[in-house]
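Undergrad: A predicted structure for the sequence below; I have some questions about it.
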Amino acid sequence: IPNVLFLEGLLLWIMRFRSQQTNRTLGWNIGVQDWYGGQVEQNLIIHNSNPSVNNTFGISLNGGSRQVTIANNYIYGLKGSGIIVGSRDPQDREGNIITNNILQDPDSNSRILQVESLEGLSIGDNTYFNEAPSRFSLFSATCTFEEWVELTDDNSAYAEHSFPDPTRSIETYQEYIGEDGTIDSFISACREQNRFNRDQRYAAEEVNQWIRAGFSDSLSN
């Protein structure tokens, strides 16, 4: 019986980009390692605003993962790889699917997809966009979208997606509710919350829904 892990609806506003608690330049988000069955769906992974953080990815698939679906995720403005498929233990992989994701990095020349092995992997029906001449990496070699399609049979589109408001972030949420538009102010307000002092504006559900609605109405519920 597969061990199924289902990740859905996480809002990752990438506080790790800002903190650099280990003094490294890492912005690693969802790592899928040796899963046997699982879904990574409807996650919003957005906004790397720290120029010092340049080793980043949205989702990583590695090891002998099998029967994993990565679908309906929004990866925007990471200034790094959107999805990485690593080279470790590819012979054990089967039935992995990357589909219906929107990977957009309009102000960066980063790699949209970095794939070291196509073993047991199906990729299609995604939407890609950034400004790099060579937007993809396959078997450690960079390639254009046209070359990528020819080599992988990926039927995805290369187009700039129209979002309702992709600028939404913690800072702009602070401004929206009439507070100082900084992450420091947001963190300070969150720390003041307790059972005797509860400001609903800082409830995770409120913040999540407002930011997610900037990317898709279907994500705001």
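TA: That came through, no problem. Numbering: from 1, shown residues only.
Undergrad: where does this protein dip in pLDDT?
TA: For the chain, the stretches with pLDDT under 70 are 1-22, 217-221.
Undergrad: separation between the spatially most distant residue from the centre of the chain and residue 167?
TA: Computed with Cα atoms, centre = their mean, the residue of the chain farthest from its C-alpha average is residue 196, at 35.6 Å. Using Cβ to Cβ, to the nearest Å, we find residue 196 at a distance of 35 Å from residue 167. Heads up, the C-betas are built off the backbone N, CA and C, glycines and all.
Undergrad: ditto for residue 115
TA: 30 Å.
Undergrad: same question, residue 73
TA: The spacing between residue 73 and residue 167, counted by Cβ to Cβ, is 19 Å.
Undergrad: neighbour count winner among those two?
TA: Neighbour count, other Cβ atoms under 10 Å: between residue 73 and residue 167, residue 73 has more, with 26 against 11.
Undergrad: who are the neighbours in contact with the more buried one?
TA: 40-45, 58-59, 101-102 (Cβ atoms under 8 Å, 6 or more residues apart in numbering).
Undergrad: follow-up on the earlier one: got the contact list for the residue farthest from the centre of the chain?
TA: Applying Cβ under 8 Å, 6+ apart, no residues contact residue 196.
Undergrad: what's the answer for residue 134, then?
TA: Counting by Cβ under 8 Å, 6+ apart, residue 134 has contacts 142-144.
Undergrad: Tell me the buried residues within the residues you listed.
TA: residue 143 (16 or more other Cβ atoms under 10 Å).
Undergrad: Tell me the one of the contacts of residue 134 nearest residue 93?
TA: Nearest to residue 93, judged by Cβ to Cβ, of the contacts of residue 134 is residue 143 at 21.5 Å.
Undergrad: send the alpha carbons of stretch 27-35 over as CSV?
TA: C-alpha atoms of stretch 27-35 as CSV (Å, rounded to 0.1, in the frame of the first residue of the first chain):
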residue,chain,number,x,y,z
GLY,A,27,15.5,29.5,-1.0
TRP,A,28,14.4,25.9,-1.2
ASN,A,29,10.7,25.3,-0.9
ILE,A,30,8.9,21.9,-1.4
GLY,A,31,11.1,18.9,-1.7
VAL,A,32,9.7,15.6,-2.8
GLN,A,33,12.2,12.8,-2.0
ASP,A,34,11.5,9.1,-2.3
TRP,A,35,7.7,9.4,-2.1
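Undergrad: Residue 27 bridge partners, please.
TA: Counting by DSSP bridges, residue 27 is bridged to residue 56.
Undergrad: how far away is residue 215 from residue 56?
TA: Look at residue 215 and residue 56: by Cβ to Cβ, they are 18 Å apart.
Undergrad: So which of those two has more stuff around it?
TA: Using other Cβ under 10 Å, the more surrounded residue of residue 215 and residue 56 is residue 56, with 24 against 21.
Undergrad: quick one: the more buried one and residue 45 touch, right?
TA: No. Using Cβ atoms under 8 Å, residue 56 is not in contact with residue 45, being 9.6 Å away.
Undergrad: what do the two both touch?
TA: Counting by Cβ under 8 Å, 6+ apart, the contacts common to residue 56 and residue 45 are 29, 78.
Undergrad: just the helices in the chain please.
TA: In the chain, the helices defined using DSSP state H lie at 15-19, 145-152, 170-176, 183-191, 204-213.
Undergrad: could you redo those helices as CSV and give each row mean neighbour count?
TA: Formatted as CSV, the helices of the chain follow (neighbours: other Cβ atoms under 10 Å):
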stretch, mean neighbour count
helix 15-19, 16
helix 145-152, 16
helix 170-176, 17
helix 183-191, 14
helix 204-213, 16
